[in-house]
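Visitor: coords please:
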Amino acid sequence: MSEAHRNALVLFSGGQDSATCLAYALTRYERVETIGFDYGQRHRVELTQRLAVLAALRQRFAAWSGRLGEDHVLDLPVLGQISDTAMTRDIAIETQAGGMPNTFVPGRNLLFLTLAAALAWRRGLSVIVTGVCETDFSGYPDCRDDTMKALQVALTLGMDRRYVIDTPLMWLDKAATWQLAHDLGQQADPAGGGADLVRLIAEHTHTCYLGDRTHRHPWGWGCGHCPACELRARGWAKYSQPR
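Guide: Numbers count the residues shown, from 1 in each chain. This next block holds a predicted model:
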C-alpha cells in the first residue's frame, strides 16, 4: 500500500455490498470513515440500518473498532427532486424500453463519488471505497469499471489531489460477495469471525428496494421479489451450497 493511501472513505449505504466494502476497508486501511446520502430514496430505512451495522461492527470486531472513524450523512434532496424513478417514486419497478431498469437514478453514483471526494479532500482521505459491480448488477452504467476509472481521473485532475477509487466488488457476483464477507470476518477473528460477519450482514443490512423489513429470509430482510431481493437471494443460495 502506498504511503499516501492509508486512509479511506467508504460509501456506506447500509446494504450488503457497502457493508462488505466497509469490512474490506477496515482490513486494508489504517483509518476509515463512512459516508451516506439521504436523497429521498424509497427504501429510506437503509439510513437507519447504517447505524445498526456500524454499532454491530464496533461491538463484534474490536480490531476494526479502533480503525473506524467518523460517519457522515449528506442531505441530497435535489437528487430525488430531479429523478422520476422507482427508487424515488412510489411506482412499479419495471424494465424500460431500452432495457434500462426504472430503478436507475441518473447521475447518482457520479454525484455521490464527487461529493465523497470533496469530503475526503477536507478530511485528508485519499481512497474512496465503493461497492459498485459490473458482474452481478442491474445494468446501471454508473457502476461500470470504465466509469469508475474515468471518474478517478476527473476527480484527481479537478481537485489536484491523487484519488484512488477502490472497487473491491467490481468483478464478483453476489455469492462471491457473501464469501468475501466470510473471509474478511475470519481474518479479523479466526474464532468464528467469518460466520459472525455473515450473520451480521444478513440481519442488519438492507437491500430491498421497497424498504420491507417485515419479512425475514435466510439472507436477510426484504420483500423477496424486487430485483434487489432476488439478486441477494440468488447469491445466498449459491453461497450456501455444500462445497
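Visitor: the bottom helix or strand of this protein by mean pLDDT?
Guide: helix 77-82 (a mean of 72; mean pLDDT, DSSP states H and E).
Visitor: next SSE after it?
Guide: Later in the chain than helix 77-82, the nearest helix or strand by DSSP states H and E is helix 108-123.
Visitor: Report the mean per-residue pLDDT for stretch 142-151.
Guide: Here stretch 142-151 scores 92 as its mean pLDDT.
Visitor: Tell me which residues of that stretch come out buried.
Guide: Using 16 or more other Cβ atoms under 10 Å as the burial criterion, the residues of stretch 142-151 that qualify are 142-144, 147-148, 151. Heads up, the C-betas are built off the backbone N, CA and C, glycines and all.
Visitor: Which parts of this protein are strands?
Guide: 7-11, 31-38, 68-75, 127-129, 164-166, 216-217, 220-221 (DSSP state E).
Visitor: Distance from the chain centre to the fourth one, please.
Guide: Same thing as strand 127-129. Remark: strand 127-129 is offset 12 Å from the chain centroid, using Cα atoms, centre = their mean, to the nearest Å.
Visitor: So what touches that strand?
Guide: By Cβ atoms under 8 Å, 6 or more residues apart in numbering, the surrounding residues in contact with strand 127-129 are 5, 7-11, 21-22, 24-25, 29, 113, 116-117, 120, 163-168.
Visitor: Can you point out the buried residues in stretch 169-184?
Guide: 169-170, 172-184.
Visitor: about what we covered before: among the buried residues of stretch 142-151, which pair sits farthest apart?
Guide: Distance extremes for the buried residues of stretch 142-151: the farthest pair is 143 and 151 at 11.5 Å, using Cβ to Cβ.
Visitor: burial count for residue 41?
Guide: Residues near residue 41, counting by other Cβ atoms under 10 Å, number 22.
Visitor: Kindly report the same for residue 186.
Guide: 17.
Visitor: any idea how far it lies from residue 194?
Guide: 3 Å (Cβ to Cβ, to the nearest Å).
Visitor: Now residue 76: closest residue in space that isn't a chain neighbour?
Guide: residue 39 (4.2 Å; Cβ to Cβ, 6 or more residues apart in numbering).
Visitor: Is that neighbour in contact with residue 77, as I believe?
Guide: Yes - shown here, residue 39 and residue 77 form a contact pair, counting by Cβ atoms under 8 Å, at 6.7 Å.
Visitor: Tell me which of the two has more neighbours.
Guide: Using other Cβ under 10 Å, the more surrounded residue of residue 39 and residue 77 is residue 39, with 21 against 10.
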